[in-house]
Structure formats: structure tokens, C-alpha cells
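Engineer: need the 3D shape of this:
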Amino acid sequence: MSLNRRFKEDFTTTTVVLMSIAIVINIVGGQLVSMLKLPIFLDSIGTVLVGLLAGPWAGGLTGLLTNLIWGMISSPVAAAFSPVAMAIGIAAGLCAKYGLFKTWWLAMISGVIITVFNAIVAVPIRLYMFGGITGSGADFITSYMLALGKDLFGSVVISVFTANLIDKVITAVLAWGIVKALPLRTTTRLPRAKNVVSA
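Structural biologist: Residues are numbered from 1 along each chain as shown. Now for the predicted structure:
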């Protein structure tokens with residue numbers, strides 16, 4: 001299959017509309033959590049949804065655009081983490097492709113896998129761009145680990161993995177539930193929805 005044909009199949013008008021809605025969901029969820037200083041993020045529900053319904057490349061692009069737009073609007077920190085958001089969308093789409101969103105418990109496993117991808121990309125950004133502290137609720141975990149005598153690298157790894165494990169498992173299960181609740185006429189218009197709804 002040619003690259004041009006693959007692009008047309010992955011980025012239909014319906015997919016582009018879905019991506020736009022998902023970006024709004026991400027930013028609203030992320031802003032709410034940021035204002036409340038919660039130790040989770042909930043800023044990638046839309047990204048995971050697009051990954052499930054339209055594939056890894058659409059999911060990745062949704063995550064990337066979310067954080068770049070969010071960075072321009074109100075949060076430069078979000079823009080710095082745009083590669084992380086992209087990794088989340090790609091990982092979610094790949095998990096769905098290989099059948100890891102067929103049930104709620106598989107969605108939980110997908111949340112763990114997404115967390116690993118997330119941590120691999122996020123830890124270096126958090127360490128080298130922000131010195132381990134970004135102003136999110138997860139900083140509490142980093143501070144606590146430092147107070148226990150852990151080094152900065154270990155504290156950031158534990159902080160990123162712990163906060164994201166809870167967040168991404170919740171996000172994956174929520175996204176799975178939303179896809180399962182969508183009417184058939186909607187899912188049939190999206191190229192990869194069968195990876196979730198055929199079970």
C-alpha cells in the first residue's frame with residue numbers, strides 16, 4: 001500500500017473531526033487537573049481515543065498537536081512534553097492494533113504498556129529541561145523520594161512511573177468504555193474501531 005493511500009485511509013474527514021474534539025478534551029481535562037494540583041494528568045483521554053479509533057499515527061499526531069496548542073495557549077511546560085503525548089497516542093494505537101483493548105482488563109494492561117512508553121520519553125525531558133520539577137501534582141512524589149534520600153534520577157523515574165501508571169490505566173479504561181458505548185454507525189466510519197468493538 002502506498003504512503004499516500006495509507007494517509008488517506010488514516011486521516012479521513014471523520015478522523016480529522018475526531019482529532020479536533022479529542023484535542024479539546026485533552027486540554028480541558030489537563031487544565032482542570034492542573035488547577036486542582038492532582039497527582040495525575042487526565043490530559044490524554046482524547047489522544048488514546050483517537051489511537052483506538054483511527055490508529056497509531058492519528059493518535060500520535062493528536063497528542064503532539066494537543067501539547068503544542070496547549071503550550072501556545074497557556075502552558076509552555078505542556079509544549080515541552082509534546083513528544084511524550086505523541087508517544088502515548090502511538091502506543092495506544094499499537095496496543096489496539098494487537099488486540100489489547102478488547103476487554104477492560106486488557107485495557108488495563110495497555111495502560112501499563114503506555115506508561116512504559118511514556119516514561120521512556122518523559123524522564124529525560126523532566127530531568128534535563130526542568131531539573132525534575134515541572135509544577136505538576138506529581139512533583140509531590142519527586143519531593144517525597146528526595147526527602148527519603150533517593151537521588152534525583154531515581155526520584156524522577158519513580159515519580160513519572162507512579163503518577164503515570166495510575167493516570168494511564170484510568171485513561172485507557174475510560175477510553176475503552178467510551179469506544180464500547182459509541183453507536184455502531186459512528187464506529188463503522190472510523191478505520192480502526194474494529195480493533196476494539198469486534199469483541
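Engineer: quick check on the closest residue to residue 131 other than its chain neighbours: phi, psi?
Structural biologist: Distances taken as CB to CB, 6 or more residues apart in numbering put residue 152 closest to residue 131, at 7.8 Å, once the chain neighbours are dropped. No exception for glycine: its C-beta is placed from N, CA and C like everyone else's. Per-residue torsions, residue 152: phi -60, psi -40 (degrees, to the nearest 10).
Engineer: any idea how many residues pack against residue 152?
Structural biologist: Per other CB atoms under 10 Å, the neighbour tally for residue 152 reads 15.
Engineer: surely it touches residue 143?
Structural biologist: No. Using CB atoms under 8 Å, residue 152 is not in contact with residue 143, being 11.0 Å away.
Engineer: quick one, helices of the protein?
Structural biologist: Secondary structure of the chain, counting by DSSP state H: helices at 3-10, 13-36, 45-54, 56-73, 76-80, 82-97, 104-130, 139-147, 152-181, 184-187, 194-197.
Engineer: for this protein, where's the lowest mean pLDDT among helices and strands?
Structural biologist: In the chain, no helix or strand scores lower on mean pLDDT, DSSP states H and E than helix 3-10, which sits at a mean of 71.
Engineer: buried set for that one?
Structural biologist: For helix 3-10, the neighbour count (16 or more other CB atoms under 10 Å) marks residue 10 as buried.
Engineer: what lies in contact with that helix?
Structural biologist: With contact meaning CB atoms under 8 Å, 6 or more residues apart in numbering, helix 3-10 is reached by 54, 55, 57, 58, 191.
Engineer: quick revisit: just the helices of the chain: most buried one?
Structural biologist: Comparing the helices of the chain by mean neighbour count (mean count of other CB atoms under 10 Å), helix 45-54 ranks first with a mean of 31.
Engineer: and that helix with helix 152-181, angle?
Structural biologist: When axes from the mean of the first three to the mean of the last three CA atoms, to 10 degrees is applied, the directions of helix 45-54 and helix 152-181 differ by 50 degrees.
Engineer: for helix 45-54, what is the average pLDDT?
Structural biologist: Average pLDDT, helix 45-54: 97.
Engineer: could I have it exported to CSV, CA atoms only?
Structural biologist: This file holds the C-alpha atoms of helix 45-54, laid out as CSV (Å, rounded to 0.1, in the frame of the first residue of the first chain):
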residue,chain,number,x,y,z
ILE,A,45,-8.1,10.6,27.1
GLY,A,46,-8.7,12.1,23.7
THR,A,47,-5.3,11.0,22.4
VAL,A,48,-5.9,7.4,23.4
LEU,A,49,-9.4,7.5,21.9
VAL,A,50,-8.0,8.6,18.6
GLY,A,51,-5.4,5.9,18.8
LEU,A,52,-8.1,3.3,19.3
LEU,A,53,-10.5,4.6,16.6
ALA,A,54,-8.1,5.8,13.9
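Engineer: run the chain-centre distance for that helix.
Structural biologist: Put simply, helix 45-54 sits 8 Å off its chain's centre (CA atoms, centre = their mean, to the nearest Å).
Engineer: do the same with stretch 33-51
Structural biologist: So, by CA atoms, centre = their mean, the centroid of stretch 33-51 is 7 Å from its chain's centroid.
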